[in-house]
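**Q** Below is the structure, and that's it, no one-letter string:
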Ligand SMILES: O=C(CSC(=O)[C@H](Cc1ccccc1)CC(F)(F)F)c1ccccc1
Ligand SMILES: [Zn+2]
């Protein structure tokens, strides 16, 4: 696996919708997942979306860990979500700090749904449904926005 270049905020790919993955089992998709993971880890992020590494595909990786702004964030092993679909979002919202690997040196408070239910394909092609809340739900919403060409500064009130 190799560390990939990360698209900056002015790159067109970050402002257009990504395409669904047709076949998760191809070597190209499996390689992209490995490269996204090492890129995320090298950048010290807690999430990454395929368009950020110039791949217009509906793939995100979620990798929450405790950090100065979210000391009680859960430490989780990274989850690759292919063709993620948010099935439900709570009306309850909460504001929290966000950053973005594509918008360096920028932090802002963003209002997000506190809880959500998501359906996605794993890297082995199984369909999974799960419910998340708090910081992990925040990361998921932030990453799914990337798949629709939305950057977090567009979410500020
Ligand atoms: O590690 C970061 C850098 S920004 C980051 O990891 C983004 C994910 C993210 C951070 C914070 C809230 C929501 C999403 C990654 C991106 F840009 F690819 F989506 C961080 C920033 C704020 C709080 C906790 C951690
Ligand atoms: Zn981002």
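**A** Perfect, I can see it now. All values reported here derive from a predicted model rather than from experimental measurement. Ligands and ions are numbered 1, 2, ... in the order given.

**Q** Tell me the spatial nearest neighbour of residue 121, not counting adjacent residues.
**A** In this structure, residue 121 finds its nearest non-sequential neighbour in residue 82, 4.1 Å apart by C-beta to C-beta, 6 or more residues apart in numbering. Every C-beta, even on glycine, is put in place using the N, C-alpha and C of the backbone.

**Q** Near ligand 1, which residues of this protein? Just list them.
**A** 44-48, 52, 67, 69-70, 97-102, 138-139, 142-143 (C-beta under 6 Å from any ligand atom).

**Q** Just the terminal-to-terminal distance for stretch 112-129.
**A** Using C-alpha to C-alpha, to the nearest Å, the end-to-end distance of stretch 112-129 comes to 20 Å.

**Q** Quick check: closest non-adjacent residue to residue 139.
**A** residue 47 (4.3 Å).

**Q** residues in contact with the one you found?
**A** Residues counted as contacts of residue 47 (C-beta atoms under 8 Å, 6 or more residues apart in numbering) are 40, 60-64, 139-140, 142-143.

**Q** If we use 7 Å, what do you get?
**A** Neighbour list for residue 47: 60-63, 139, 142-143 [criterion: C-beta atoms under 7 Å, 6 or more residues apart in numbering].

**Q** what about the strands in the chain?
**A** With DSSP state E as the criterion, the chain has strands at 47-49, 59-62, 79-89, 93-98, 108-113, 115-121, 127-133.

**Q** avg pLDDT for the first one?
**A** For strand 47-49, the per-residue pLDDT values average out at 98.

**Q** cool, and stretch 119-135?
**A** Rounded mean pLDDT across stretch 119-135 is 98.

**Q** One more: stretch 90-110?
**A** Averaging pLDDT along stretch 90-110 yields 96.

**Q** Run through the bridge partners of the residue nearest to residue 121.
**A** Beta-bridge partners recorded for residue 82 (DSSP bridges): residue 59, residue 121.

**Q** show me what contacts residue 99?
**A** By C-beta under 7 Å, 6+ apart, the contact set of residue 99 is 106-107.
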